[in-house]
Structures are given as C-alpha cells and as structure tokens.
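>>> no sequence for this one, just the structure:
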DNA sequence: TCAAAAGTGTTCAGCGTACACCCATGC
DNA sequence: GCATGGGTGTACGCTGAACACTTTTGA
C-alpha cells in the first residue's frame, strides 16, 4: 500500500508504524468436523471475562515471522496433529471492541476434518468439544457471526468445488457422498440425479470393489481422482456444479 | 478467539498483546473506474524504496478506533469525495516481507466508481492516475496480485449480483449496460439474449423516456429498481445470473 | 423368503445460445 | 435517402427436476 497524499512521506510512515497504529492480529479457525452423521464445529471453553460461560473458536495470535495462512496451519496442526487440511481464508473481523483485552483484529478461516481422525488426539484436550452445527448456544466474542459466515461459505464451495471428499474415507460409496452433501447443505437430494451429476464430473474413479460385511446389497466403492482434478484445474476445464 | 491450550491463560495473552505480536494494519483499495469506454484502476506513484518507479494502490493505515471497513470508506471518501460507494472486502495479505518498512498486514478491498464523478476532485492529486485494467505495467509490493484477485472477484460478482449499475448514470440504455458487461468481463455478449436476461430479473424500470440529440434512433432509458431489489433480497427471492 | 439398502432410465419443462432483419432519427 | 445505431422473435439442444421399480446380499 501507499498512503494517500496528505500523509504521504516515508518519515510519517515510519513513525506511524511504530506508534499505536499497531494492533494484535489473530487467526480464528472454524474447524468443521464430519462423522457421516452430522457436521460439527470444534470449540473450546472460553475462560476470558466476560465470556466465561461460552464456547469459542480455536485461534491464536499470528507470530511476527509467519503469514496468516501459516498461522492457521500451525494452529490446525497443533490441535489436530494433521497437516495439509483443506483451509480457506474467509474474512477479517476488526471491530475495535470485539475483544475484551484490547484491539485484536482477527482473520477467519475454516477447515475440514474427518471427526474420527481427530478423536485420537482429543484425549489431551478435555476442554475441546465438537458442537453440532445445528446447536444454537451462543458463542463468545463475535464467534457466532464468524461461524455463520464460514458455514455459508462452506455450503457455497461444496457446490462449486470438490471440497467434500476430504471429509470421507479414501474409498467411499455414492450413498456416503450423497449423505455428506445432504447433511452439510441441510437439504434432500434426488439419488439418481445426484449420481448422474457426480459421475459427469469425471472425477470419480470406480475401484471395481464393493463394501464388505454389510447385511444388504454391498455398494460399489469409488475414490476421488486427484490427478484428473489437477489436470482439469490446470487446463481450466473444471466443471463442478452440484 | 481463544488461544490454543498450551498458551491459554489471560496473563500470557496480555503480555503477548503488548509484545511484538503486534503488527501494523493497512487497507488497500482497488478503486475501479468506468467511463463507458474502459475499466481502469486508480493508482498512485509509489515513492518508497525499492519501488520508486512503480505505481501502487491507494491505501492507508487503519486507525486504532475504526474497523477495516471504516478505514476503507474513509480512504475512499478522502480520495474521491464520495461516500457510500460500493465496497467489498476481498482478502488479507500478510507476507512478512511484503512491505519494505516492516511488517504491514493489509486487507484488500475493491470499490466501484464512475470515472467522470471523480475527475473534479483529481485536480489536486496530480500523482494519481487512472490505469487501464489491460495495462501490464508491474505494480509495487504485492499490489499486482491484489489487483488481479480483486478484478477476478469483480467479474464473478458482476454475474451474480447487480453491482454494475453503480457504474452507470441513473438513467441508462440497455446498450450502455451491455457494453459495461462486455468491457468488464472482457467478452462479447449477444444483444437479444442479454436483454431478455436482464429484463427477466425484474430489476429494470422502463422510464418511458428516450435519449435526446442522438443522430440515430434514440434508445429507451431505464433505471435500476433499488426498492424492488431491497424487497427481493429481504424475501430471499433474488435471482440474478447474467 | 424377507428385510434392507443399492442401483438404474425416461420424460418434461425451462434455459442458454445462435442467429437476421426492420425501425427511428439526424444529417 | 442514407448512415447510424436501436430494437425485436424463433428454433434447438442441453440441463435440471421429478419420479418407481428391480437387484443383491445377509439373516
């Protein structure tokens, strides 16, 4: 950035940069967890007045040497033990009164995780909790607003990009995939139309295998074709509209 | 936000908030100007080493008492003399080395303005310049990247929300409107199909007036129906897909 | 053989797209 | 009367949506 004319010279800049123009920067992550039954958000007990009774999102201050993306990944890895999770920056929140301890500007992210992968690590963090997205308990600070915005973004993305596959096992059935869409979007979908659409994307690989040990007709197993996806992105022919 | 478990207690927080965890926050605005011939971006000569020869976006530091939205509006009003411009937050940029004078985290916005409205005020700011979006001169800092991202966002928005009308006079012809879409999107559109689609939104009011003093068949004048738009947004029936 | 869930095709309406000619005005 | 740009309708293919029955397996 370059300052607007009136305050534009380097000396002004340097003194402003060292004055109270500085603020603390944090990252808040809406970590969506999916367990094939419901969509939840990972929350932590808030121990900060005046929000002691409420839950809040997972966040931390951004270090001086990292980008906000890096901070978000660091937080995620610390909490989940997993790296390379799907992660998307959503919006920056900056109400001067949003945080009780002073000015904290927060960059909101959301990420996606299979709840079962996480369970292992949860044991050491008892005050962490999966809260179903349908829960109406009010959250601390402006975290309710952040969560709602991220949920809306997720719903939009799910329909225009293949982000949902990161919430399923590598091998999945079409029924599992459909249920994922139905639960996250909160709507019912037509089985035949859904299958036709998904197959038309060309991003499903039929593994030629079927489910084992189910007491009904076993379903075929598919996997997401990451290579094909990379090709399509590169050549700009990706058509994904569910 | 609430810190992650290991560093979670208020004293840690307070000391971190007063330490070097703070950073300068700025807002950078991609101000798109449209003059019915081309789309330009308002840029300013950059006088900061090592970028002296380049142009940069309009920006400023965020004051301690304002939100980033407010900062963006303040900057816009100072530069253009206009308030209530269309304004949208796009993304936060935070590479620790993005700014030569130290850590400055920047929130990128774009806004839309009719170039002719602006011309009046430009006189006092000679080092400001409208640069056509098609220009390939490299910009200072990461401003090229910011501009590209904002331009892509604008193109997407233009097709899914009625944001383009703020770039036309109150009374406009369908040809003017189509030209606006063609220039911003950088594509050709079919006249008949474009008109059918736009009329189908129900957001155009036929004024029953025609152009004056043109040396050909005068075109009908329309206006954007803001009341209708507000109603549609409220009742969630807005369908706008150009 | 029954229960439970998987899998499969067709029809119809609406929408996007391609395309060519007549109309109103000023000069 | 001619040059200039404004304005209009139709046909076709594709896509989204609605909808019901057969298949495979384990118990």
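Sure thing, it's come through. Please read these numbers as outputs of a predicted model, since none were measured by experiment.
>>> quick check: residues of chain A near DNA strand D?
Residues of chain A lying near DNA strand D by CB under 7 Å from any atom of the strand: A:190, A:191, A:192, A:193, A:197, A:210, A:214, A:215, A:216, A:217, A:218, A:241. Glycine gets a C-beta too; all of them are placed from N, C-alpha and C.
>>> after the host helix or strand of the fifth one, which helix or strand is next? Please name it.
Just to be clear, that refers to residue A:197. Using DSSP states H and E, residue A:197 falls within helix A:191-200. Later in the chain than helix A:191-200, the nearest helix or strand by DSSP H and E is strand A:204-210.
>>> give me the residues contacting that following strand.
A:171, A:198, A:218, A:219, A:220, A:221, A:222, A:223, A:224, A:225, A:228 (CB atoms under 8 Å, 6 or more residues apart in numbering or on different chains).
>>> stretch A:52-63 close to chain B?
Yes: counting by CB under 8 Å from any CB of the partner chain, contacts between stretch A:52-63 and chain B involve A:56, A:57, A:58, A:59, A:60, A:61, A:62, A:63.
>>> domain map for chain A?
Here the domain parsing of chain A from automatic domain parsing is A:5-160, A:164-234.
>>> those domains: which one's closest to residue B:95?
Closest to residue B:95 of these is domain A:5-160 (CB to CB; 5.6 Å).
>>> quick one: mean pLDDT over that closest one.
Across domain A:5-160, the average pLDDT comes to 89.
>>> quick one, longest strand in chain A?
Using DSSP state E, we find that the single longest strand of chain A is strand A:22-34.
>>> give the pairing partners of that strand; include direction for each.
Taking DSSP bridges as the criterion, strand A:22-34 pairs within the sheet with strand A:39-45 (antiparallel), strand A:58-61 (antiparallel), strand A:104-114 (parallel), strand B:22-34 (antiparallel).
>>> quick check, distance from the first one to the centre of its chain.
Distance, stretch centre to chain centre, for strand A:39-45: 12 Å (CA atoms, centre = their mean, to the nearest Å).
>>> what's the following helix or strand after that strand?
Note on strand A:39-45: by DSSP H and E, the next helix or strand toward the C-terminus is strand A:55-56.
>>> tell me how far that following strand lies from the chain's centre.
The answer for strand A:55-56 is 16 Å, by CA atoms, centre = their mean.
>>> need the residues of stretch A:52-63 next to chain B in TSV (columns: neighbour count).
What follows is these, written out as TSV (neighbours: other CB atoms under 10 Å in any protein chain shown):
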residue	neighbour count
A:56	24
A:57	29
A:58	28
A:59	27
A:60	24
A:61	24
A:62	29
A:63	16
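>>> and which of these is nearest to residue B:157?
Closest to residue B:157, out of all of these and judged by CB to CB, is residue A:57, at 27.4 Å.
>>> for DNA strand C, see how far away the closest one is.
34 Å (CB to the nearest atom of the strand, to the nearest Å).
>>> which stretches of chain A form helices?
Listed in chain order, the helices of chain A (DSSP state H) span A:10-18, A:68-80, A:115-122, A:143-160, A:174-185, A:191-200, A:226-234.
>>> and residue A:218, what does it touch?
Contacts of residue A:218 by CB under 8 Å, 6+ apart are A:210, A:211, A:212.
>>> ok, for the second one, nearest residue in space, not its chain neighbours?
Across the structure, with CB to CB, 6 or more residues apart in numbering or on different chains as the measure, the residue nearest residue A:211 apart from its sequence neighbours is residue A:218 (3.9 Å).
>>> so how far is chain B from the one you found?
Computed as CB to the nearest CB, to the nearest Å, the residue A:218 to chain B distance reads 41 Å.
>>> now that residue. Its backbone dihedrals?
The phi/psi pair for residue A:218 (degrees, to the nearest 10) reads phi -70, psi 140.
>>> tell me the spacing between it and residue A:189.
22 Å (CB to CB, to the nearest Å).
>>> count the neighbours of the residue of chain A found nearest DNA strand D for me.
At 2.6 Å from DNA strand D, residue A:217 is the closest residue in chain A, using CB to the nearest atom of the strand. Other residues lying near residue A:217 total 7 when counted by other CB atoms under 10 Å in any protein chain shown.
>>> next one: the one 4 residues further on
Residue neighbour count, defined by other CB under 10 Å, stands at 20 for residue A:221.
>>> list the contacts of it.
Here residue A:221 is in contact with A:171, A:172, A:173, A:207, A:209, A:210, A:211 (CB under 8 Å, 6+ apart).
>>> can you select the buried ones among those residues for me in ChimeraX?
Buried residues within the contacts of residue A:221, by 16 or more other CB atoms under 10 Å in any protein chain shown, are selected in ChimeraX with:
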select /A:172,173
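>>> quick check: the two most widely separated of the contacts of residue A:221?
Pairwise across the contacts of residue A:221, and taking CB to CB, the largest span is found between A:172 and A:210, at 12.4 Å.
>>> isn't residue A:27 right up against residue A:68?
Yes: counting by CB atoms under 8 Å, residue A:68 is a contact partner of residue A:27 at 5.6 Å.
>>> any shared contact partners between these two?
With CB under 8 Å, 6+ apart, residue A:27 and residue A:68 have common neighbours A:62, A:107.
>>> more crowded one of the two?
Legend: neighbour count by other CB under 10 Å for residue A:27 and residue A:68, higher for residue A:27 (29 against 23).
>>> quick one: contacts for that one?
A:59, A:60, A:62, A:68, A:71, A:72, A:75, A:106, A:107, A:108, A:109, B:1.
>>> against residue A:56, how distant is it?
Counting by CB to CB - residue A:27 and residue A:56 are separated by 13 Å.
>>> quick one: mean pLDDT for the helix holding residue A:197?
Here the average pLDDT along helix A:191-200 is 96.
>>> can you get me a residue count around residue A:160?
If we define neighbours as other CB under 10 Å, then residue A:160 has 11 of them.
>>> list the contacts of it.
Contacts of residue A:160 (CB under 8 Å, 6+ apart): A:240, A:241, A:242.
>>> let's have these in JSON lines, adding pLDDT, distance to chain B and neighbour count.
Below are the contacts of residue A:160 laid out as JSON lines (pLDDT from 0 to 100; distance: CB to the nearest CB, whole Å; neighbours: other CB atoms under 10 Å in any protein chain shown):
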{"residue": "A:240", "pLDDT": "94", "distance to chain B": "15", "neighbour count": "17"}
{"residue": "A:241", "pLDDT": "94", "distance to chain B": "12", "neighbour count": "10"}
{"residue": "A:242", "pLDDT": "94", "distance to chain B": "16", "neighbour count": "16"}
